[in-house]
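Undergrad: Sequence first, predicted model second:
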Amino acid sequence: MLQQGDIVITHLQSRKLKIGKPLHQGGQGSIFSVESQSLVVKMYHPSLLTTSQAGQQLSRLVNMVKEGTPSPAFIWPLDVVTRPGLGYVMPRVSSSHTSLLDLNWKGDCPSWGIRLRICYRMSQAFAALHLRRGYAYCDLSTANVMCDPKSGDVRIIDVDNLTVDGRANVLGIIGTPRYMAPELQRASVRDPCIETDLHSLAVIIFETLLFHHPFLGDRILEGPPHLEEKALGENPVYIYNPRDKSNRYKKYDKFGGLPPSSVPGRVQQLFTESFVDGVANPRLRVRETRWQRALADSLDNLVPCTNKKCLFQSSFLDGRTDISSCAYCGSPPKTFHVLKFYGQRSEVLRTKVVTGTEWLSAHHCKVDQALNFKPDMACAKAEVDPQYGVTLRNVARESFLYRAPGGTSFSAFPPGKRVVLRPGTRIQFGALGVEAEVVK
Amino acid sequence: MDRLSYGMASVKGSFHSRANLPNQDAYAVFTAGDTTVAAAADGLGSRPLSDVGAQEAVTIAAFLVMEHLLTDSAHTSSAQTLEELKHGIVRTWRARFGRQYPDYDSTLLLAGVSENKILLAQIGDGLIVTCDGNGVCLAFVQPTKPFLNVTDSLASRDALRVFKISEMAGETMENIVALFLMTDGVADDIEDLGPFCHSSMALLNQKPCVWNQTIESWLVAWPTPGNYDDKTMVVISRSVSAGHSDESVVPAESALPSARQGKPRVMPMTSDQLRSKRAKMVSPQIPPIDKPTKRNGLAGFVEQLGHRVHLKKDHGDAVTEAR
Amino acid sequence: MIAMQPTGISRQARKLPLIILADTSSSMAGAKIATLNQALQNEVQELRTDPVTRDTVLLSLITFGGIVSEVCNVEPVATVSIPTLNASGGTPMGQAFRVVLSHLSDRSRLPVSCAIPTLVLCSDGQPTDEWRTPLDELKRHPLASMAVRLALAIGPDADKNTLAQFVDNTEHPVLQADEVNKIGTFFQWVTLHTKSRSVGSRSIPQPADLLP
């Protein structure tokens, strides 16, 4: 058994680590800090693995170390430990992070902006895992997602249960009941796969944004515990299923939570797809890039509240061009403008709220850019000028065009210059650029 | 002979006014005495400056065809003359832009009608359709492009080979009652050319003064879903309805045609005006035309001039001067 | 009274053919075939949920692993069902190119009114048969050469050189598997841009070209 003060030599890089305090004891193993380094060591309980299982897990861990992490969000094995037992070394999660489980149910409820960011970063991390590596995570739950409530940053821990191709992971982990896909719950499918991850992701996003579970309606919550298992496995009915009202959730006063109308229609639509169509047919479960786009667009449509004590800190614009008061505390919103972006067919691509601190990225401004937040491809930055109010500065290396309200022709909008935003101002963002109009 | 009437309209491919993205279709009708020339051009979407290329193609080609028809309106031209006219159009257009001419790439549709002949020329997609008194409508060039968004064009390597040009005279010519020019935004969606042209000819029963707005209403209400192309349609006809002598003095527009209005660009000219306009079209790279002709009292009209074509963004100016 | 809209005008949106060439050879086994499957499912879901592409894209899927197999043939993306692909056999990429050539050189396989086909090669780029000649033939055939060629590199050890030769065009770089949703945005572009049949081509200036 590992103890504080022991020295451990890692298997692949022969690093010398001095074990510090034990941090956590779980079902699989124990986690120890490492002195003087921002690392931790996880050691599996000796009785957990048979010899052959240990051999398999060792080779998987070695593989993972060699491949490296698909995304900085994963707390990924950096090296393997073979003596005194099997384990691995990974980066330490900063103490500013707390688990999403705690955040959702125990901690201060963070603002919409933070929660959307958490969901976005989760989706982004799993997109990398699924699309770059083809791995399934298998045990996605709020306990495995660590978040920084100030920045919305996310770290995914417990990555030692990954599988490929629907093959079982070494320890046979299939998931956490609350988040497991129904087909795993009722054992009609034996092994987790990427589609079961997608189910878990959708449930977690729902819980994080609306604070209740998408398949546990009033009757289940009021009834005995065994109903819950059935509700999640045998016959899961989405609590807001438009065609099946048998599992409705209405008792917000009693059980908490926010109604689905709290989030933009587009996000509600993705919930319906995942929980109605996606239950029976895993192929139809919403994929990460669509979550990312809907979440990023929702972030773009938050109007901040002036009340610092407001629980949610902002309201959604959701298709309107103006709101007069915060949806949660009634206080007036901060002064804001709304940019409406038109595509090359004059269709409305998106709207974005601008208060004076926002960036416009390549995917806002260019026709052929999927979600792209690369800093060197930022196109414009909102700034507040004491005299002129909110302006937009061209931070790209090409010239844009702009037309003042009521103007008849477009003028040059060179790099470095700013344009005052007034209702009716139009800006065209250069080569293959879209056109934006200030609608408020 | 019956006066010719014409109607035209062009609608930008997006129904929201986006003044900074120009209509890549260009079109114009030029008249001088009894001769009328209609031209339409469709700038290639994949080329950054194709709207300018299309405008220049219309002006240059229409002018050269007008000149050709005025120079020799009586006789059917020889194949060689037509070839030279074709070469002249392509070379003058390319010389306009120097080596960057592919950036201005465009298609071109031309129809010229004089007292005795009709000249048709086409490179690239779109349709020129001639309709006779019996309702028989024929496309000048059968559509051959394999896919919708690919076409021959003025900058193509084999432009001179694929550019079709021919003249009609005599009875064939006399029988024609209407000519249609349509860019691909219109032409590509026509499933049945016959019914389309017959129903379009209902236009001719109306007074020519409403033709423009009629055509525009058709283009604005285009029924094919997902068609975001610029759409242009020009019609020339021997109208036997009320005379339209007013049309010939419709003032030319100095600005580029507004996308939704489809204002006609008409250039009625005397021969003096033509000559002075000719003198203004110059380009250093094209060798001078060295065939002076003394026919039709236009002696001295065709002079030994080099062509130097000024690159002007708004060449609508050139049109107004001619008045 | 204004004359009525002419008859004889099509009421059908113009079609966008998309042909996917997927490497299902044994070198793709494990995580790579899983990545490929995910990329395909992602792409289909993207195309199916985008209002522009939902009713217009026609999908064909040709796999090459051991043999060349035509899995889907010009099917509307709104209803197509792509099976989970398994990895086995050699990598007959050259043979796959020949099959694509036979598809593209027969104009009657596609609807009369459709845009230039888009061809996407999804592979780790390790062919086991003679592929350069069939690729050359594909690029030189008057009809088949009109297709726009894209490539999706699968796996961190993908041979990008082979894939780059397939694409052969600076406008469309080789994409990584997780950039698969760029194919969707690419369709936004291709439908708006008419290309000339034969011109010395200059690429459209991308923003990077505008650097001082």
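TA: Here it is on my side, so go on.
Undergrad: show me the contacts for the residue nearest the centre of chain C.
TA: Most central in chain C under CA atoms, centre = their mean is residue C:119, positioned 2.3 Å from the mean C-alpha point. By CB atoms under 8 Å, 6 or more residues apart in numbering or on different chains, the contact list for residue C:119 reads C:19, C:21, C:100, C:104, C:147-150. For every residue, glycine as well, the C-beta is placed using N, CA and C.
Undergrad: Kindly recompute the last result at 6 Å.
TA: C:19, C:147, C:149 (CB atoms under 6 Å, 6 or more residues apart in numbering or on different chains).
Undergrad: hmm, which of these are the buried ones?
TA: Neighbour counting over the contacts of residue C:119 (16 or more other CB atoms under 10 Å in any protein chain shown) leaves C:19, C:147, C:149 as the buried ones.
Undergrad: So what touches stretch C:4-19?
TA: Counting contacts by CB under 6 Å, 6+ apart, the residues outside stretch C:4-19 that touch it are B:148, B:189-192, B:195-196, B:199-200, B:218, B:223-226, C:55-60, C:110-111, C:113-115, C:117-119.
Undergrad: That stretch: end-to-end distance?
TA: Distance between the two ends of stretch C:4-19: 40 Å, counting by CA to CA, to the nearest Å.
Undergrad: buried ones in that stretch?
TA: If you call a residue buried by 16+ other CB under 10 Å, then stretch C:4-19 has these buried ones: C:6, C:8-10, C:13-19.
Undergrad: now, which of those residues lie within helices?
TA: With helices identified by DSSP state H, none of the entries of the buried residues of stretch C:4-19 belong to them.
Undergrad: JSON lines please, covering the residues you listed and showing pLDDT.
TA: Listed next are the buried residues of stretch C:4-19 as JSON lines, based on pLDDT from 0 to 100:
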{"residue": "C:6", "pLDDT": "89"}
{"residue": "C:8", "pLDDT": "89"}
{"residue": "C:9", "pLDDT": "90"}
{"residue": "C:10", "pLDDT": "88"}
{"residue": "C:13", "pLDDT": "82"}
{"residue": "C:14", "pLDDT": "84"}
{"residue": "C:15", "pLDDT": "88"}
{"residue": "C:16", "pLDDT": "88"}
{"residue": "C:17", "pLDDT": "91"}
{"residue": "C:18", "pLDDT": "92"}
{"residue": "C:19", "pLDDT": "93"}
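Undergrad: Which helix or strand contains residue A:401?
TA: Under the criterion of DSSP states H and E, residue A:401 resides in strand A:400-403.
Undergrad: That strand and chain C in contact?
TA: No. Interface with chain C: strand A:400-403 contributes nothing (CB under 6 Å from any CB of the partner chain), its closest point being 11.0 Å away.
Undergrad: Go ahead and produce CSV holding the CA coordinates of that strand.
TA: Only the C-alpha atoms of strand A:400-403 are listed here, as CSV (Å, rounded to 0.1, in the frame of the first residue of the first chain):
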residue,chain,number,x,y,z
PHE,A,400,-14.4,46.0,-44.0
LEU,A,401,-17.2,48.1,-45.3
TYR,A,402,-19.8,50.1,-43.3
ARG,A,403,-22.9,52.1,-44.0
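Undergrad: Report all helices and strands that the helix or strand just after that strand contacts.
TA: Secondary structure here is assigned by DSSP H and E; on that basis, the next helix or strand after strand A:400-403 toward the C-terminus is strand A:411-413. Using 3 or more CB pairs under 6 Å, 6 or more residues apart in numbering or on different chains; DSSP states H and E as the contact test, the elements touching strand A:411-413 are strand A:400-403.
Undergrad: one more time with 10 Å, if that's ok
TA: Strand A:411-413 makes packing contacts with strand A:389-394, strand A:400-403 when contacts are defined by 3 or more CB pairs under 10 Å, 6 or more residues apart in numbering or on different chains; DSSP states H and E.
Undergrad: can you give me the mean pLDDT across the helix or strand following that strand?
TA: Downstream of strand A:411-413, the next assigned helix or strand under DSSP H and E is strand A:418-420. For strand A:418-420, the mean pLDDT works out to 91.
Undergrad: quick one: strand A:418-420 near chain B?
TA: No. For strand A:418-420, no contact with chain B is found by CB under 10 Å from any CB of the partner chain; the gap never falls below 14.0 Å.
Undergrad: now that strand, how far from the chain's geometric center?
TA: 33 Å (CA atoms, centre = their mean, to the nearest Å).
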